[in-house]
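Asks: Let's see this in three dimensions:
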Amino acid sequence: MGLVYADIELVNADDLALARWHIIGEEEIKRMRVNMLVDSGAYMMAINETIQEQLDLVGPIMVKFKNRTASCNAVVLQGDNEPLLGAIPMEEMPARLPSFKIL
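Replies: Residues are numbered from 1 along each chain as shown. Below you'll find the predicted structure:
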């Protein structure tokens, strides 16, 4: 079985809260796209020091994949190691199902 990668958007969750309170503008929210290795055998999400510094992370991180989002913590790997999306963040990203009208 081969390796699976996904294009994930990472967003500083603290910045989202500050923008919600109109302390910073939407354009000031730190975010980036990362091609992450997806591993359901790993529990947590792992990011490297470069990602942590670019997003200025000290707290939770918002993870976005297509129409799914989750807020989670991440382990920070030394240097420029490959980021990893583990099982816990994947399980926290529920699919947004279309709403149906019951007749």
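Asks: Identify the residues contacting residue 7.
Replies: The contact partners of residue 7, by CB atoms under 8 Å, 6 or more residues apart in numbering, come to 33, 34, 35, 65. Where C-beta positions appear, they are placed from N, C-alpha and C, glycine not excepted.
Asks: what sits up against stretch 32-39?
Replies: Residues external to stretch 32-39 that are found in contact with it (CB under 8 Å, 6+ apart): 3-10, 47, 51, 54-55, 82-87, 90.
Asks: Next, the buried residues of that stretch.
Replies: Neighbour counts over stretch 32-39 (16 or more other CB atoms under 10 Å) mark 34, 36, 38, 39 as buried.
Asks: which of those residues lies closest to residue 22?
Replies: When those are compared for distance to residue 22 (CB to CB), residue 34 comes out closest, at 28.2 Å.
Asks: what's across from that closest one in the sheet?
Replies: Beta bridges link residue 34 to residue 8 when assigned by DSSP bridges.
Asks: quick one: it from residue 24, how far?
Replies: Distance from residue 34 to residue 24, counting by CB to CB, to the nearest Å: 22 Å.
Asks: cool, and residue 37?
Replies: For residue 37, the distance to residue 24 - CB to CB - is 31 Å.
Asks: Repeat that for residue 69.
Replies: Distance from residue 69 to residue 24, by CB to CB: 20 Å.
Asks: Kindly report the same for residue 41.
Replies: 38 Å.
Asks: Which of the two has more residues huddled nearby?
Replies: Counted by other CB atoms under 10 Å, residue 41 and residue 24 do not tie: residue 24 has more neighbours, with 16 against 6.
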